[in-house]
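Novice: compute the structure for the input listed below.
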Amino acid sequence: MPVCRGAQVSWKGGTVNQTIEYLLERHSARAYLPEAVEPEKVETILEAGRAAAHGLSRQPRKFVTITQPELLAKVSASIRDAFRMMTPTEQMPTVLKQLIARAADDDADYLYAAPVFVLVVTHVEDTSAAIDTSLALGNMMIAAQALELGSCWMNQIPMLIKMPSIQSLLRELGISENETVHGTLVLGYPVDASKGPARQASEFISFC
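Specialist: Just a heads-up that it's a prediction; the model follows:
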């Protein structure tokens, strides 16, 4: 079977429509302005997440949204406390070692000072939960781009899900022992609204 390498992405008429532009332009924002996000924009982003494809007709159970500064600070502190309980090893990825090292700073912010934090919550026995969460968060990030907001997928809570400080936080947020979190998201107006860094080139392979 012949293989065609280096195929180029094109769009009918030679122009890319607005939705495709949002997909291509989206990048992670890791610094946010203190400006609050309009509630209607947050609601639209949550609806985009709820509308994502999901396995076996099961949508994620909850979208827990935090906008209160005091609670956002508590989330960050809970993450910091969890990392403080960890001892770095040579086998750990460099990124994880850096996250643990940052925890020594009482002022370390693990949410990039974003004004909105969203947790996607699923049942612990849902076998497609991780995939469904990924699809929901992907939709939400594209919706944020369309609404001129920045976003960033956050892995800390899923990574630390069994740590006491995180378990305590989840209970406070109304997330039960029968529920879990595979992905979270920060949202807000980014400090730098310009296009992100160039992405690593990928090879497109088509079977012709």
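Novice: beta partners of the residue nearest the centre of the chain?
Specialist: Against the mean C-alpha coordinate of the chain, by CA atoms, centre = their mean, the closest residue is residue 153 at 2.0 Å. Beta-bridge partners for residue 153, by DSSP bridges, are residue 185.
Novice: which parts of this protein are helices?
Specialist: Assigned by DSSP state H, the chain shows helices spanning 18-25, 39-50, 69-84, 94-102, 129-146, 156-159, 164-172.
Novice: got the phi/psi numbers for the closest residue to residue 167 other than its chain neighbours?
Specialist: Closest residue in space to residue 167, ignoring its immediate chain neighbours: residue 161 at 7.7 Å, by CB to CB, 6 or more residues apart in numbering. (Each C-beta comes from the backbone N, C-alpha and C, glycine too.) Backbone torsions for residue 161, taken as degrees, to the nearest 10, come to phi -60, psi -30.
Novice: so that it lines up with my notes, have the first residue be 703 from now on.
Specialist: In the new numbering, first residue 703, that becomes residue 863.
Novice: what residues are up against residue 863?
Specialist: Contact partners of residue 863, counting by CB atoms under 8 Å, 6 or more residues apart in numbering, are 869, 882-883.
Novice: any chance of CSV for these, columns pLDDT?
Specialist: Converted to CSV, the contacts of residue 863 look like this (pLDDT from 0 to 100):
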residue, pLDDT
869, 96
882, 95
883, 97
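Novice: now restrict those to buried residues only.
Specialist: 869, 882-883 (16 or more other CB atoms under 10 Å).
Novice: so residue 824 sits against residue 882, correct?
Specialist: Yes - using CB atoms under 8 Å, residue 824 makes contact with residue 882 at a distance of 6.2 Å.
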